[in-house]
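Engineer: Just need the structure, nothing else, for what follows:
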Amino acid sequence: IRACKTAAEERSVVAKECALIRTAFKEGDSQYRHRNVAKLLFIHMLGYPTQFGQMECLKLIASSRFPEKRVGYLGLVQLLEESTDILMLVTNTLKNDLLSNNQFVSGLALCALGNAGNFEMCASLQSEIEKLMGHNNPYLKKKACLAALRIVQRVDEAEDRYHGKISTIIHEERNHGVLSACLALVQYLLKEDPENIVEFQQLTSPLVRTLKTILMNTHAGGDHDVTGITDPFLQVQILCVLRLLARGGDGSGDQMNDILAQVATNTEGSKNAGNAILYECVQTIMCCSETGLRVLGINCLGRFLTNRDNNIRYVALS
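Structural biologist: Take a look at the predicted model:
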């Protein structure tokens, strides 16, 4: 492909290769099936039709060998549309893989459900995902949270199902990846249905506590260090969720005001990661009605406007 000088030459190479792959599929060549599907993924990325390889993805997913299963799941996510009837055939295999003793096999199934799950798949696998959200392995727990996000997006009546697990994770979890994935789910639920704000008000205290712990953990070079700032991604997510929870006005304003003041005064604005946190902090401050804090938020905006970087000025203006 790389050696092709013209588009016509590329089309010719792809057509020839697709013909060879088709023949291999017809002859049932299982030894090179995963390599052929990997080639189809590349051909698909170039914009050529690859529908003839869809069933081969399902055969690979059903394989007991991990390298084949991995390519099969990748093909499922990339090559199959959500509306494709073939997806119905994979639900049972997904269920078995979710319950696998091998965390990497379970992880593949969770990723596939989180990226390609349609209504039927999501409706069938709700209870398995709920169990995995309570797993003691962070690797599986974070993927389960993102799969739960897909489920609540596709299945309306699934919204209330995961509230208990969410509360447990936010109160007890220390792994940043799990917290980040769970907060993505919380954000969606709060935006989608304002009634959930009352349900999740009790999350304010543990979120404030987590944010305080991150702010105190200032030593550079830690696991989540980004240019000297500890996990700006998680800080931004916590601030977004606190902003959504602030609409409920349950009287938790004082502890929220304290932490917002700490974020606004202690975050370094000379780095992009710090500016991202300050931006979210200002947004959250403006959602709270505390007058003293608003002055602090406006001062942050003032610092943005005096910055030499036009992007940061633009953010402040908007």
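Engineer: so how far is the host helix or strand of residue 37 off the chain centroid?
Structural biologist: Following DSSP states H and E, one finds residue 37 within helix 33-45. What separates the centre of helix 33-45 from the centre of its chain is 25 Å, taken as Cα atoms, centre = their mean, to the nearest Å.
Engineer: got it, and stretch 110-121?
Structural biologist: So, by Cα atoms, centre = their mean, the centroid of stretch 110-121 is 13 Å from its chain's centroid.
Engineer: hang on, the earlier thing: which strands or helices does the helix holding residue 37 pack on?
Structural biologist: With contacts taken as 3 or more Cβ pairs under 8 Å, 6 or more residues apart in numbering; DSSP states H and E, helix 33-45 sits against helix 7-26, helix 54-61, helix 66-79. Using the backbone N, CA and C atoms, a C-beta is placed for each residue, glycine as well.
Engineer: a markdown table please, covering these and showing distance to residue 261, mean neighbour count and mean pLDDT.
Structural biologist: What follows is the helices and strands packed on helix 33-45, written out as a markdown table (distance: least, Cβ to Cβ, whole Å; neighbours: other Cβ atoms under 10 Å; pLDDT from 0 to 100):
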| stretch | distance to residue 261 | mean neighbour count | mean pLDDT |
| --- | --- | --- | --- |
| helix 7-26 | 59 | 14 | 94 |
| helix 54-61 | 51 | 20 | 90 |
| helix 66-79 | 43 | 21 | 92 |
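Engineer: Turn the ones you listed into TSV, including distance to residue 93.
Structural biologist: Listed next are the helices and strands packed on helix 33-45 as TSV, based on distance: least, Cβ to Cβ, whole Å:
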stretch	distance to residue 93
helix 7-26	19
helix 54-61	5
helix 66-79	9
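Engineer: So for residue 298, which of these sits nearest?
Structural biologist: Minimum separation from residue 298 across the helices and strands packed on helix 33-45 (Cβ to Cβ) falls at helix 66-79, 45.1 Å.
Engineer: can you pull out the strands in this protein?
Structural biologist: Assigned by DSSP state E, the strands in the chain fall at 225-226, 229-230.
Engineer: What helices and strands are in contact with the last one?
Structural biologist: Packing contacts for strand 229-230, counted by 3+ Cβ pairs under 8 Å, 6+ apart, involve helix 272-287.
Engineer: buried set for the helix it packs on?
Structural biologist: 273, 274, 275, 276, 277, 278, 279, 280, 281, 282, 284, 285 (16 or more other Cβ atoms under 10 Å).
Engineer: And for stretch 303-311?
Structural biologist: Using 16+ other Cβ under 10 Å as the test for burial, stretch 303-311 gives residue 304.
Engineer: swap in stretch 131-138?
Structural biologist: Along stretch 131-138, these residues count as buried under the neighbour rule (16+ other Cβ under 10 Å): 132, 133, 135, 138.
Engineer: give the contact list for the third one.
Structural biologist: Contact analysis of residue 135 by Cβ atoms under 8 Å, 6 or more residues apart in numbering lists 141, 144.
Engineer: Tell me the spacing between residue 200 and residue 159.
Structural biologist: Plainly put, residue 200 is 12 Å away from residue 159 if you go by Cβ to Cβ, to the nearest Å.
Engineer: Please enumerate the shared neighbours of these two.
Structural biologist: Common contacts of residue 200 and residue 159 (Cβ under 8 Å, 6+ apart): residue 189.
Engineer: which regions of the stretch 201-318 of the chain sit below the pLDDT cut-off?
Structural biologist: 218-222, 248-253, 289-291 (pLDDT under 70).
Engineer: Give the full set of residues in contact with the closest residue to residue 229 other than its chain neighbours.
Structural biologist: Excluding the flanking residues, the one nearest residue 229 by Cβ to Cβ, 6 or more residues apart in numbering is residue 273, at 4.6 Å. The neighbourhood of residue 273, defined by Cβ under 8 Å, 6+ apart, consists of 226, 227, 229, 232.
Engineer: Output those in TSV; the columns should cover neighbour count.
Structural biologist: What follows is the contacts of residue 273, written out as TSV (neighbours: other Cβ atoms under 10 Å):
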residue	neighbour count
226	15
227	12
229	21
232	22
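Engineer: what sits against the nearest residue to residue 30 once chain neighbours are set aside?
Structural biologist: Among residues not flanking residue 30 along the chain, residue 59 sits closest, at 7.8 Å (Cβ to Cβ, 6+ apart). Contacts for residue 59 (Cβ under 8 Å, 6+ apart) come out as 30, 33, 72.
Engineer: tell me which of the residues you listed is nearest to residue 109?
Structural biologist: Closest approach to residue 109 among the contacts of residue 59 (Cβ to Cβ): residue 72, at 10.9 Å.
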